[in-house]
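Asks: Following is a predicted model, sequence given first.
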Amino acid sequence: MSETDKDVPELEFSEKYTDEHAREYYHKHNKTGSLWRRISNWREIVIARKALKLAGNPSAVLDLPSGTGRFWEMLAEKKDRKLFAADYNPSMYTVGMEERPKEITSRFETFQASAFDIPKPDNFVESIFCMRLLHHIGERDDRMKMFREFHRVTSDTVLISLWVDGNVKARKRFAKEAKRDKKKYQNRFVQPRERVEAEMREAGFDIVDHVDFLKHYAMWRIYILRKKS
Ligand SMILES: C[S@@+](CC[C@H](N)C(=O)[O-])C[C@H]1O[C@@H](n2cnc3c(N)ncnc32)[C@H](O)[C@@H]1O
């Protein structure tokens, strides 16, 4: 498919990341966050590092959406890794670049991209690293578009985080959702594991493994996907 004839979904949540929000996001996660947020950030980085290892420690990684670069120090731990960071809202990576030392930022090449339409050729990068986007995507068609675009752009693996069912927090959330006003805008979704895994396979991936934030309790999970040969 050419880059121009893609039907790119517009998600309402994508528009909230203004310059001001970007700076807030950076500080919330890096500087002034609560103790719980700092622990959670630390744990997410630990499981992301493990996921990269399970993917074979790729030597070229595209962080999409990069946000303000929460994972950049960890991604840069491998000294010879080629690094790219992209986001739909350039304010996000711009703030991340402004706030970090040169020794980290000089490792990254940044560009604007929608996860549904990445302005790069087929097999551009060995691994796509996609944290905290999929739980915002409630429609199957949109998820399939994103999985297929990732399949086109990666030459090997995709690491992707999402909220899954089958744990204490998801059960609590489903109970809360059952009571909420159905007409109210919803921007975060728990994915039933069987359904989302079937979609990943349908898009052309094998599921290599997964890593949980806190097994049986938390909803966050990172899947390690590999293009079917
Ligand atoms: C919750 S943040 C996660 C950022 C980063 N991965 C992290 O974990 O800190 C979601 C990010 O998705 C970006 N975003 C929203 N819609 C997008 C889209 N269609 N394609 C790519 N990025 C998008 C936002 O600009 C924002 O930076």
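Replies: In hand now; what should we look at? Numbering: from 1, shown residues only.

Asks: residues from the protein in reach of the ligand?
Replies: Residues of the chain lying close to the ligand (C-beta under 6 Å from any ligand atom) are 11, 14, 17, 65, 67, 70, 87-89, 92, 114-116, 131-133. Using the backbone N, CA and C atoms, a C-beta is placed for each residue, glycine as well.

Asks: for H210, what are its contacts?
Replies: 221-224 (C-beta atoms under 8 Å, 6 or more residues apart in numbering).

Asks: For it, give its distance to the ligand.
Replies: As defined by C-beta to the nearest ligand atom, to the nearest Å, H210 lies at a distance of 17 Å from the ligand.

Asks: next structured bit after whichever strand or helix holds K169?
Replies: According to DSSP states H and E, K169 maps onto helix 168-179. Counting by DSSP H and E, the element after helix 168-179 in chain order, helix or strand, is helix 193-202.

Asks: quick one: that next one to helix 168-179, angle?
Replies: Relative orientation of helix 193-202 versus helix 168-179 (axes from the mean of the first three to the mean of the last three C-alpha atoms, to 10 degrees): 100 degrees.

Asks: what's helix 193-202 packed up against?
Replies: Under the contact criterion of 3 or more C-beta pairs under 8 Å, 6 or more residues apart in numbering; DSSP states H and E, helix 193-202 touches helix 140-153, strand 205-212, strand 220-227.

Asks: Can you give me the buried ones in the longest one?
Replies: Spelled out, it's helix 140-153. Applying a neighbour-count criterion of 16 or more other C-beta atoms under 10 Å, one finds 142-143, 145-153 buried in helix 140-153.

Asks: Next, R23: phi, psi?
Replies: Here the main-chain torsion angles of R23 (degrees, to the nearest 10) amount to phi -70, psi -40.

Asks: In space, what's closest to it - neighbours in sequence excluded?
Replies: Nearest non-adjacent residue to R23, counting by C-beta to C-beta, 6 or more residues apart in numbering: V95, 5.4 Å away.

Asks: Let me see the contact set for the one you found.
Replies: Contacts of V95 (C-beta under 8 Å, 6+ apart): 19, 22-23, 25-26, 68.

Asks: So it belongs to a helix, correct?
Replies: Yes. Counting by DSSP: H, G, I helix; E, B strand; the rest coil, V95 is part of a helix.

Asks: Give me the pLDDT for it.
Replies: With respect to pLDDT, V95 scores 95.

Asks: returning to that earlier point: so among the contacts of H210, which ones count as buried?
Replies: Buried among the contacts of H210 by 16+ other C-beta under 10 Å: 221-224.

Asks: what residue ranges in this protein score low on pLDDT?
Replies: The chain contains residues with pLDDT under 70 at 1-5, 31-32, 183.

Asks: max-length helix in it?
Replies: Secondary structure of the chain per DSSP state H: the longest helix is helix 35-54.

Asks: ok, the nearest residue to A55 once chain neighbours are set aside - contacts?
Replies: In space, and not counting its chain neighbours, A55 is closest to T157: 4.3 Å by C-beta to C-beta, 6+ apart. For T157, the contact set (C-beta under 8 Å, 6+ apart) comprises 55-56, 58, 126-128, 208, 224-227.

Asks: Go again with 7 Å.
Replies: Contacts for T157 were tallied using C-beta atoms under 7 Å, 6 or more residues apart in numbering; they are 55, 58, 127, 224-226.

Asks: again with F205
Replies: Counting by C-beta under 7 Å, 6+ apart, F205 touches 151, 158, 225-228.

Asks: Quick check: bridge partners of it?
Replies: Assessed by DSSP bridges, F205 has beta-bridge partners K227.
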